[in-house]
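Trainee: turn this into a model:
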Amino acid sequence: MKIKVDHVTNSSSEVFGVVLADSAVTAGLLLMLDSVANSYRSMGSDQKQNAFFDEMMLESEKIATRVTDGVLEDARVNEKIVKDAYSEALTTLNKASSALSQEITEVKKNLENSSKTADKTSNDYLQLQRKNEDYLTYLNQQLKQVELQKTTVEKDKQEKTALINERDAWIQQNQADLVTLIEQKSLMDGLNVAYYKTTGEPGLWLKIGEEFDERKVELEEVLKSANASLTYPQPSLREIQISEETSALMRQLSLERKAFALELQNTESSDQKKLIEDYENKVSKLKSDLLASTRFELAMSASQTLKYGSETALEGLNDLAGPQFKIAYASIKAVITGIKDAKKDPKNRSKHLAKALLTVSTTALKDQLSDTPWAKDATTLLNTVLQSSLSASIAGTSTASAVGTGLTKGIFDLGAEKGIAVLKESTEIEKKTIESAFDALTVEEILTDNPLTQKLNESLKTEIHFV
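Mentor: Got it, this is the predicted structure:
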């Protein structure tokens, strides 16, 4: 007998591309990536000579990189949650297997001992014999189910863990580079909008959109060649909210630039060098002040669009933006921290996911067994015990759902329906305080929760064989 179950997995070659065995190809791709990552330094000569432009680009790159640090950290957290969830599920199943095996051994031993002295013709002995045989049938049925679940969970764990571990580090890093590029472009576009509104000029960096778009295409081609493309949501383009101090600095710099350009046109070439030097000295402090104030406002804008790794990204932005940011940071931290409602109860998130994994594997078993007495009830009972055991672990309490007693004599003597009712009642408080506050997530949802893990989620049909 066999049934099909959806598992989320794929071969590492399909997710991350074949291994680049040709060293020349590898070297060429890495060289190209290095060129893309540093291409802004090779822009038009007029912009290349603009130190203020270079400094602003570097500042925006630093801020975008801190946001990307959060994305990377978030991806690693998600991957660890998945790994730990499989371990939690297997640990729970192993406890169940151990409890059932010990109980089977103990019942057989007691039967052997009683058979040595009992009157085998008496009704009492025959009734006890039948009861024990029924009990052993039940125990073996439960043990069979546990072992089948262990097989399917272990197989899925191995596939998922392999996909996560086999990812080439350079691919993940270059996916992160693309995230940085997108975030940086969004910041600079927003800054240009604010500059235009303040000064009426089209922007300090006229070619920035074109140059960034070219770099993005190049980087996407490199990732595509390794079958490692990713979709990163473009942050909404909106004007960066700048302070009056920053507005005044922008206007002053604009006026100085216009006055300088006009004066330069009317100056003899022999005197232009001195004029340029005087101008640079005059606006040097102005540029420095504008750079400092803009850095803070870029960091604030970045903090307001965070989607992944909020805590890590916020801490990084706090380091870059300076003392001013600490006030704003304190006010926005609570809001940013609450962005991912799905990450409630992070301490126990793997246990919550383990509960979902066990439910899926139990559903695969249910109604696929023989007509053995207790079979269907035993399936329901097994899942209830496993779920209740994890609920008790999450709550840090000891309840009647403990695996050792939940699957053996106490429950059997009560009868399946009464036993299940007892287990449900014993965890009613935990379910109200835990499950209602936590939306159960699947492996698929966790591994599509971040652009750097979304490719770990292709579908494969796995067959479970019942023997």
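Trainee: contacts and neighbour counts: CA atoms only from here.
Mentor: Noted.
Trainee: show the average pLDDT along stretch 161-181.
Mentor: Per-residue pLDDT over stretch 161-181 has a mean of 85.
Trainee: using CSV, write down the CA coordinates of that stretch.
Mentor: What follows is stretch 161-181, C-alpha atoms only, in CSV (Å, rounded to 0.1, in the frame of the first residue of the first chain):
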residue,chain,number,x,y,z
THR,A,161,19.1,20.2,5.3
ALA,A,162,21.1,19.2,2.2
LEU,A,163,19.5,22.0,0.2
ILE,A,164,20.3,24.6,2.9
ASN,A,165,23.8,23.3,3.6
GLU,A,166,24.9,22.8,0.0
ARG,A,167,24.1,26.4,-1.1
ASP,A,168,27.3,27.9,-2.5
ALA,A,169,28.4,30.8,-0.3
TRP,A,170,29.3,33.0,-3.2
ILE,A,171,25.8,32.6,-4.7
GLN,A,172,24.1,33.7,-1.4
GLN,A,173,26.6,36.6,-1.1
ASN,A,174,25.8,37.8,-4.7
GLN,A,175,22.1,37.4,-4.1
ALA,A,176,22.8,39.7,-1.1
ASP,A,177,24.7,42.1,-3.3
LEU,A,178,21.6,42.4,-5.5
VAL,A,179,19.5,43.2,-2.4
THR,A,180,22.0,45.9,-1.5
LEU,A,181,21.9,47.4,-5.0
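Trainee: which residues belonging to it are considered buried?
Mentor: By neighbour count on 16 or more other Cα atoms under 10 Å, the buried set for stretch 161-181 is 161, 163-164, 167, 171-172, 174-181.
Trainee: so which of the residues you listed comes closest to residue 201?
Mentor: residue 181 (24.7 Å; Cα to Cα).
Trainee: okay, now residue 283: neighbour count?
Mentor: 15 (other Cα atoms under 10 Å).
Trainee: contacting residues around the residue lying closest to it once chain neighbours are set aside?
Mentor: In space, and not counting its chain neighbours, residue 283 is closest to residue 253: 7.2 Å by Cα to Cα, 6 or more residues apart in numbering. When contacts are counted by Cα atoms under 8 Å, 6 or more residues apart in numbering, residue 253 touches 283, 286-287.
Trainee: coming back round to it: can I get the buried residues of stretch 161-181 in JSON lines with secondary structure and distance to residue 215?
Mentor: Formatted as JSON lines, the buried residues of stretch 161-181 follow (DSSP: H, G, I helix; E, B strand; the rest coil; distance: Cα to Cα, whole Å):
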{"residue": "161", "secondary structure": "helix", "distance to residue 215": "33"}
{"residue": "163", "secondary structure": "helix", "distance to residue 215": "29"}
{"residue": "164", "secondary structure": "helix", "distance to residue 215": "28"}
{"residue": "167", "secondary structure": "coil", "distance to residue 215": "24"}
{"residue": "171", "secondary structure": "helix", "distance to residue 215": "17"}
{"residue": "172", "secondary structure": "helix", "distance to residue 215": "18"}
{"residue": "174", "secondary structure": "helix", "distance to residue 215": "12"}
{"residue": "175", "secondary structure": "helix", "distance to residue 215": "13"}
{"residue": "176", "secondary structure": "helix", "distance to residue 215": "14"}
{"residue": "177", "secondary structure": "helix", "distance to residue 215": "11"}
{"residue": "178", "secondary structure": "helix", "distance to residue 215": "9"}
{"residue": "179", "secondary structure": "helix", "distance to residue 215": "12"}
{"residue": "180", "secondary structure": "helix", "distance to residue 215": "12"}
{"residue": "181", "secondary structure": "helix", "distance to residue 215": "8"}
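Trainee: which of those residues lies closest to residue 318?
Mentor: residue 180 (17.5 Å).
Trainee: quick check, central residue of this protein?
Mentor: Nearest to the geometric centre of the chain sits residue 78, at 3.2 Å (Cα atoms, centre = their mean).
Trainee: hmm, it is touching residue 444, no?
Mentor: No - here residue 78 lies out of contact with residue 444, judged by Cα atoms under 8 Å, at a distance of 10.9 Å.
Trainee: where does residue 453 fall, phi/psi-wise?
Mentor: Dihedral angles of residue 453 (phi, psi; degrees, to the nearest 10) stand at phi -120, psi 0.
Trainee: and the pLDDT for the nearest residue to it once chain neighbours are set aside?
Mentor: Of all residues not flanking residue 453 in the chain, residue 447 sits nearest, at 5.2 Å (Cα to Cα, 6+ apart). pLDDT, residue 447: 84.
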